[in-house]
Structures are given as structure tokens and as C-alpha cells.
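K.L.:
Give me a model of this one.
(chains A and B)
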Number of protein chains: 2
Amino acid sequence: MSKDFQPTPEFALELDAQDKLASFREAFVVTDPDLIYLDGNSLGRLPKAAIARAKQIVEEEWGRDLIRSWNKGWWESPARVGEKIAKLVGAATGQVIVSDTTSINLFKLVMAALALHPEKKRIITDTMNFPSDLYILQGCVQLLGNRHEIIRIDSNDEGVTPDLAALEKAINEDTALVTLSHVLFKSGYLYDMKQITEMAHRKGALVIWDLSHSVGAVPIALDDCNADLAIGCTYKYLNGGPGAPAFLYVKKSMQEKLSSPIWGWWGQDQPFAFGLDYSPAPGATRFLIGSQPIIGSLTMEAALEPLLDAGMDSLRAKSILMTDYAAFLTENLLAPFGFSLGSPRDSARRGSHISIRHPEGYRINRALIEEMNVIPDFREPDNLRLGFAPLYLSFREVWEGFDRIRRVMEEKRYEKYPKQRLTVT
Amino acid sequence: MSKDFQPTPEFALELDAQDKLASFREAFVVTDPDLIYLDGNSLGRLPKAAIARAKQIVEEEWGRDLIRSWNKGWWESPARVGEKIAKLVGAATGQVIVSDTTSINLFKLVMAALALHPEKKRIITDTMNFPSDLYILQGCVQLLGNRHEIIRIDSNDEGVTPDLAALEKAINEDTALVTLSHVLFKSGYLYDMKQITEMAHRKGALVIWDLSHSVGAVPIALDDCNADLAIGCTYKYLNGGPGAPAFLYVKKSMQEKLSSPIWGWWGQDQPFAFGLDYSPAPGATRFLIGSQPIIGSLTMEAALEPLLDAGMDSLRAKSILMTDYAAFLTENLLAPFGFSLGSPRDSARRGSHISIRHPEGYRINRALIEEMNVIPDFREPDNLRLGFAPLYLSFREVWEGFDRIRRVMEEKRYEKYPKQRLTVT
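P.N.:
Below you'll find the model as predicted:
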């Protein structure tokens, strides 16, 4: 972290003046310039290009062209949009498809991976993984007759950093699968994909990476890391829109060895022959199931454009500067009020969000949303989570966000809120 | 079939003049009044209400309100939209949810149903079922270790009418599940839901109904038929838009006995507690998995409105008149050119589409689309499939569609097209 950072609005404006990505903000809808939106890691802002595209899909492709649109780009869209995402995750052609939801894609790949080595009984994950991924694993184990053991690696530092020594120790010859979130949803810890993948491969285990909190936030090199399988969502840093469909990656060399647990028409070899018996399509296509949500999928495709234009290396550089600045502000502006950093200090091991911890995190979050026009989010037990989407966020906004948190603390604005959990955040 | 039908445009206009639903056409976008769209059974037309709603979801709910919209109706939408569909399928509250795709929902319910009686080994379906449903069944059987036998009932009349005697004979005490399309996708045959459900229940078998080709086309009474489980899609007669999410129905009394094979965050008891262990939500909610496609789902919700306003009984009356008239025109206008009806003559056993068969069906379909501004579709081996969406189709259009088919035959326009299958229709 640079010692030259300053906790002043002037300094933030200086950083903005030097920001080569600053103009990308123009590509997004900002209806309320006063709003400090620190939740782009949960739902990305609306790219202007998506508005025109959504209108076109609805009015022209559906309304005017009707069923003919299936022949004009709809049917091929899972592969076509997949190739655009492939550029963001370091995947050569023919390995990424867009389909269904993150959880369903995880289900497909877990089941497919476990079927490859039915004699291996161990599945490794961590306690910091997004709970939905753990639920999917538990469901798969149940479905397979409770023959597998799920081992959850913990941390030594209250959930910030996974215990890598324990992880290495846990992966043994009986390990079928290691499945981890590339960036942890609370602390923002960024696993070393290459290192962990090699660690698993040494023992003959496969790895599934959940890229939901890393795609669009950090450069990803699936092919270079020799990754096996991956999944991810598109509504966070990819700005694909609420519930936009997810994606999955299957390494070329594994595709013909794997079978989807859900045999779908879209994953059938010759879908329009309407044959009565399933035969899997070649390649990753076999992991498609049924009709994809075309409006959401094609709107998401358009939404990817500014991100693809900016490029992941530039985005990563800005993201690191932002999270470094945020860590600096946590220590210089907020530590006196009892905040501590709940994220790695080393930017090389951090995604594009940080958590700042405070025993009153829940009430502080509510005060920020309801009184200060700041949107972070809260994650149990004490994490105020702040996302920094480098594509459209300015350093002035980072400064302003922290200064408003400071005001909430100074004016004890949080005290009027009840001590209870939000039902939905 | 009324003997008073006339094969004239004047007669069709008379029927239109008496059509109490005629004004509903105004609720839909019609960019090309010359187009005879007979594929509303595959992709329904665009309701005008959906345009405004899609714009609102994108620009206001996503663009302006951002993550806050999850608390303003997004999170609850699977249940809320489910309740609207429940009215169309005769289901009391708390039994229908919107989620994922038809195939994924079928997978969930097949796996859940088979888990209830693991000792029973027989699954019954028919050869006229939509192939994707058969693929899902085959995948489930494979996943469960090939312990089940899938029996496919055939027809005695080249795929028009299922052999009900064979069906009854096939359902025995070893039958875990009967799963059928309520309306068959080629012939339009409409199963008697009550009769078949009772037939299955007498032997202790469960039934899953696929309502994709019946919902919005014929009145459905799931509760009254004592149905167990059902699935369906929303982009055909429900006009929900391309790839709009599907729905599922689970009878109230069965909900707590069933477990989803895919354990998802949205189906978790307390999703925002972020607990590490899955515990199913009460009711049908447990069959939700991950984030739903909000743009598509809420656009579909708006698209349902004209259908709900019209009411299924009025729609059914018009639909029967239309398919009766279409059968009459097939026999009076097209039979001389070698067409025969590939659908039941009895309207009580017919959905809202018919197939007309001709050895040159594939080439005739192409000529209609490419030269005549008529959109039917073609289904192997010789079915020209004609869908009659009573909500927006006029009798004049039915007449005009048949008259253009007649012209294609008279002028032998189809002969210039190659004898091969479309890759995508």
C-alpha cells in the first residue's frame, strides 16, 4: 500500500485525473450522481448499450421477427456469448458456454467430475465458499448415496485467508474434486489458481473454480493454469443484468470424457432430428439443457462490450489502486471508530472488493443505505462489504463512500436501527 | 365439426364479427398485418404490455434502483408469478413456482418422484412425447444406475392418438412414475388428465404432466384432477417471450415429502443467514435453485395479463372453433392436394394446434415461409404444424393461411426447394 495516499477528496480527484479508464463511466447509466454504489460486485450497473439491445430483442427480434429469430442468432447464442466470456477468462475457443444458473452449472460439473472417478471419495472445499456452492455439493453427495466426504478447509484468521497448508494436506489420492471460489465472497481473498490447480493435479484430483466474484474483476487464465472446469455468473462485474445466465468452462481435453447429469435437448447431438434417444453433442455443448433465457442472455452479451473494450489488465491495475486506497482509508479514516480490514492486505491475493469489519456492521450498513445514499452490503457476522467495480467507479466515489461511513460513525447514526439481520440484501 | 362451415373469406369474416375475443388482438404487436403467424404454439406474439414492462425493468429497476430492486419484488417473483400461472392451471395457492427451464424442472420432479419409491422400477411415457422429456428421463435413469425401465407407449394411428389400452396395461404395481405431455407436440392430442391420473393412482404410480403445449391453450384443472406434479413452459401460448422461465407445480400434500435433487440457495430455508449447511425451504420453494432470469421472468409476468383477462373458458371456445374450422379447411380445401389431418377429429381430445400431413411437408413449409408470408412449422416426418393462438389470431387469418397453402400446392411452389430438413425451426 502506497504511503503517499492521502485521506482527502483532493487526492481522490487527482487519482481520477490520472485514471485512463475514467471515460468508461460514460458507458453506464447513472441516474443519481450522488449515490455511492459499492455493490457492483453483487449487481453491476446498467451499461447504456444494454438498453438499446434489450429494446431491439423485445421489439424487433421477438415482436417483428418472431420464431424466425431462432435462426438469426438465438440458437447459437450460448456458444457465441460464451466465446466473449472466454476472452475474459483466458480460454481458447470451444470451451465456454453460457447457460442456466451458476448453481445448476456447478451441479452439472460436480456430477460429471465425480462420475469420472467413482472410487474416489473425498471432495474438498472451504468454509469461506459461497454457501450455495456448499449446498450444491451436499446435494450431489446425497444424490450419489452419501458415499463421499466433504472436507471444508477453514482459515486461521477468522475467515479472511484460507489455511493453504491444511488445504494441501487435505488433498490426497482419494480426492475426487477440489472446488473453490476463486475470489471469496466475504474477504475478497484471491486464490492462486495455478498453484492450487497444480496442487490438486499432483494428487490426481480435479478442480472446479467458481469465478463468480473474480470474472471481470481480475485477469483469469484458465488455459494457462491448466484448469479443468469452471463456472461463473455474469451479473456481478460483467454487468449482465439481474439473473443474467451463468457460464461454464470445460477444458477441451476433458470434454469427450464428461457427461452431463441432465440430458437436455440443447445438449443433444442432433436436436432437430427429434430422435427419441439422447446422444450427447460434441464438446461443451453437451452441458446445455433447455431453452436459454434469450432476452437476458443477449442483453448480457451487449453489456459485456465496455468490459471487453477496457481490457482486464487495465481494469486490474485500477482495481488494485482502488482497493489499496480503500484499505488505506479503512486504516486512516475508520480504524479510530473500531473498524478493521477483513480482507488480505496483499493486493496480489485480493479481488476487487474488500470487507471492513465492525461489531455494528449490520446497523452501519442500514444507516448508509437509508440516510447516506451509499450502497455497500452486509455479510454475517460483521462484514460491511465494499465492491469497487473499476469500470465505472471513480476514486472520488471511493473517498466519498468512506467519508460518509465516517460521518455515520461520528454522528452515531446507526444507533437508531434495530440489531437484526436484513432478510434480503 | 359444424357442417355449416364455408371455405370462403366471407365466412371467416363472419366468424370474426362474432368473436368476443377479437379486441384482444389489440393487446399484441403486429408489425406485418399480411403475415399469417401460425406458430404461436412455439413462440407467442409480443404483448404490448411486455414492451413497457421490459423497459421499466431494465431502465428503472436495474439502471436506477440497482441492487435495491431485490427487495422490491425481484426476490419474491418466482412465487408471485407462479401464483398468476396457478390461475391458468387450476392450482390453489402455494403450489406453482416459476423457475429455470422446462427440462430442468422435469429433471427435478422426476428425480424427486423416483426417490419416493426407490423399489419401483417402471417409468411410463409415450413415443409422441417431446423428445427433450424423453432425454431427461433417460438421463435420470442413467444417473440412478440404470435400475429403471422406461416404457414408451406407442399409437395405433401413426402418432396421432396414444394407445390408451396399452398405457393402462403398462401401468402396474411396479410403476414409479407416468410422465406425459398433456397435449402432444405433433398431433395436438389432449390427454384426459383426470382419467390418466386416476389410472396411475390406482396402481400407486405418480404422474408428472408436461403442460408446455396445453397451458394457455386449454383449461387445466390440476387440483381437481388430483394431479401430483406438473411442469410447463411460458413462451408458447403464455406469450412470455423467448426462453422465458418455466414453471413447476407440486401438489400441496406432497411438498414436504419431496426433496429437490439440486440443493439451491433459493430453495434454502434461510438463504440470508448464509449458513453452511442446506436445509430445504418449506413448500414448493425448495425446488428453486439459483438466481432467476429477472428480466425475462418479469417481462413474462406482464405478458400474462391479456391471457388472464380473456379467461381460459372463452379462449377454449374460440380455440375449438378455430381448430374445427382448420380441420374443415384441411378436408375441403387441401385434401385434393394429398393432405390429411394428423390430429384428432374430436375437439375434446385436441389442443390448440393441428398437424396436417403431406409427404412434401418439409418443402411446403419452406415455400410458405419464404414466398407466402405464412409461418407454420414442420415436424418430422411429414407434419405441417399449424398453431392457433385464440388470443390474437383471427378467423380471416386461418382462412388466409389455408388459402395460401392451397396456392403453394396449385402452383407447385414447393418443388424448387431441396428435400432436406431445416436445421433449426
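
K.L.:
can you pull the pLDDT of whatever residue of the stretch 101-250 of chain A ends up closest to chain B?
P.N.:
Taking CB to the nearest CB as the measure, the stretch 101-250 of chain A has A:G139 as its residue closest to chain B, at 3.1 Å. Using the backbone N, CA and C atoms, a C-beta is placed for each residue, glycine as well. A:G139 carries a pLDDT value of 98.

K.L.:
Equivalent analysis for A:A273, please.
P.N.:
Predicted confidence (pLDDT) for A:A273: 85.

K.L.:
neighbours of it, just the number please.
P.N.:
A total of 13 residues lie near A:A273 under the criterion other CB atoms under 10 Å in any protein chain shown.

K.L.:
What's the separation between it and chain B?
P.N.:
7 Å (CB to the nearest CB, to the nearest Å).

K.L.:
Would you agree that residue is in contact with B:E380?
P.N.:
Yes: counting by CB atoms under 8 Å, B:E380 is a contact partner of A:A273 at 7.1 Å.

K.L.:
The closest residue to chain B within the stretch 151-300 of chain A - nearest residue in space that isn't next to it in sequence?
P.N.:
Nearest to chain B, among the residues of the stretch 151-300 of chain A, is A:W263, at 3.1 Å (CB to the nearest CB). For A:W263, ignoring the flanking residues on the chain, the nearest one in space by CB to CB, 6 or more residues apart in numbering or on different chains is B:G139 at 3.1 Å.

K.L.:
does the one you found count as helix, strand or coil?
P.N.:
At B:G139, secondary structure determined by DSSP: H, G, I helix; E, B strand; the rest coil is helix.

K.L.:
wait, what's in contact with the residue of the stretch 151-300 of chain A closest to chain B?
P.N.:
A:Y278, A:P280, B:Y135, B:I136, B:Q138, B:G139, B:Q142 (CB atoms under 8 Å, 6 or more residues apart in numbering or on different chains).

K.L.:
How about A:S347: what's its closest non-neighbour residue?
P.N.:
Residue nearest to A:S347 in three dimensions, not counting chain neighbours: A:I320, with 4.4 Å by CB to CB, 6+ apart.

K.L.:
one step back: my guess is the residue of the stretch 151-300 of chain A closest to chain B is in a strand, correct?
P.N.:
No: read with three-state DSSP, A:W263 is coil and lies in no strand.

K.L.:
Give me the pLDDT value at it.
P.N.:
98.

K.L.:
The closest residue to A:V408 other than its chain neighbours: neighbouring residues, count only.
P.N.:
Nearest non-adjacent residue to A:V408, counting by CB to CB, 6+ apart: A:A367, 4.8 Å away. Other residues near A:A367 come to 23 when the count uses other CB under 10 Å.

K.L.:
In terms of helix, strand or coil, where does A:A367 fall?
P.N.:
Secondary structure, three-state DSSP: A:A367 is helix.

K.L.:
That one reaches A:P418, doesn't it?
P.N.:
No: in this structure, A:A367 is not within contact of A:P418 by CB under 8 Å, at 11.9 Å.

K.L.:
the strands in the stretch 251-400 of chain A, which residues?
P.N.:
For the stretch 251-400 of chain A, the strands defined by DSSP state E, counting those that start in this stretch occupy A:340-341, A:353-357, A:374-375, A:377-379, A:383-387.

K.L.:
Dump those into a markdown table; add mean neighbour count, mean pLDDT and distance to B:D16 as well.
P.N.:
Formatted as a markdown table, the strands of the stretch 251-400 of chain A follow (neighbours: other CB atoms under 10 Å in any protein chain shown; pLDDT from 0 to 100; distance: least, CB to CB, whole Å):
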| stretch | mean neighbour count | mean pLDDT | distance to B:D16 |
| --- | --- | --- | --- |
| strand A:340-341 | 16 | 98 | 71 |
| strand A:353-357 | 27 | 98 | 60 |
| strand A:374-375 | 24 | 98 | 53 |
| strand A:377-379 | 22 | 94 | 55 |
| strand A:383-387 | 26 | 98 | 56 |
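
K.L.:
can I get those strands in CSV with distance to chain B?
P.N.:
Output for these, formatted as CSV (distance: least, CB to the nearest CB, whole Å):
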stretch, distance to chain B
strand A:340-341, 20
strand A:353-357, 13
strand A:374-375, 6
strand A:377-379, 7
strand A:383-387, 10
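
K.L.:
The lengthiest helix in chain A packs against which elements?
P.N.:
Across chain A, the helix with the greatest residue count (assigned by DSSP state H) is helix A:312-329. Applying 3 or more CB pairs under 8 Å, 6 or more residues apart in numbering or on different chains; DSSP states H and E, one finds that helix A:312-329 contacts helix A:9-17, strand A:353-357, helix A:395-410.

K.L.:
Tell me which residues are up against the second one.
P.N.:
It stands for strand A:353-357. Taking CB under 8 Å, 6+ apart as the rule, strand A:353-357 contacts A:41, A:183, A:186-188, A:213, A:217, A:323, A:326-327, A:330, A:334, A:339-343, A:379, A:382-388.

K.L.:
Within its sheet, name the partner strands of it and how each one runs.
P.N.:
Strand A:353-357 has the following strand partners under DSSP bridges: strand A:340-341 (antiparallel), strand A:383-387 (antiparallel).

K.L.:
right, so of those strands, which gets closest to A:D34?
P.N.:
A:D34 lies closest to strand A:383-387 among these, at 17.4 Å (CB to CB).

K.L.:
Now do that closest one against helix A:312-329: the angle between them, please.
P.N.:
140 degrees (axes from the mean of the first three to the mean of the last three CA atoms, to 10 degrees).

K.L.:
Which residues does strand A:383-387 contact?
P.N.:
Contacts of strand A:383-387 (CB under 8 Å, 6+ apart): A:38-42, A:186-187, A:326, A:339, A:342, A:352-358, A:361, A:364-365, A:368, A:376-379, A:401, A:405.

K.L.:
now swap in stretch A:152-161 and tell me
P.N.:
With CB under 8 Å, 6+ apart, stretch A:152-161 has contacts from A:124-129, A:134, A:162-163, A:166-167, A:170, A:186-187, A:189, A:342-344, A:349, B:276.

K.L.:
Just the buried subset of those residues, please.
P.N.:
For the contacts of stretch A:152-161, a burial check counting by 16 or more other CB atoms under 10 Å in any protein chain shown picks out A:124-126, A:128-129, A:134, A:162-163, A:166-167, A:170, A:186-187, A:189, A:342-344, A:349.

K.L.:
Inside strands: which ones of those residues?
P.N.:
The strands in this structure, assigned by DSSP state E, contain A:I124, A:T125, A:D126 from those.

K.L.:
Contact partners for the first one?
P.N.:
If a contact means CB under 8 Å, 6+ apart, then A:I124 has A:I150, A:I151, A:I153, A:L167, A:A170, A:I171, A:T175, A:L177, A:V178, A:T179, A:A205 as its contacts.

K.L.:
Dig out what the closest residue to it other than its chain neighbours forms beta bridges with.
P.N.:
Using CB to CB, 6+ apart and skipping residues adjacent in sequence, the residue nearest A:I124 is A:V178, 4.5 Å away. Taking DSSP bridges as the rule, A:V178 bridges to A:I124, A:V207.

K.L.:
So A:V178 is in contact with A:I171, correct?
P.N.:
Yes: counting by CB under 8 Å, A:V178 touches A:I171, with 6.2 Å between them.

K.L.:
Kindly point out which residues are neighbours of both of these two.
P.N.:
Among the neighbours of A:V178, those also in contact with A:I171 (CB under 8 Å, 6+ apart) are A:I124, A:A200, A:A205.
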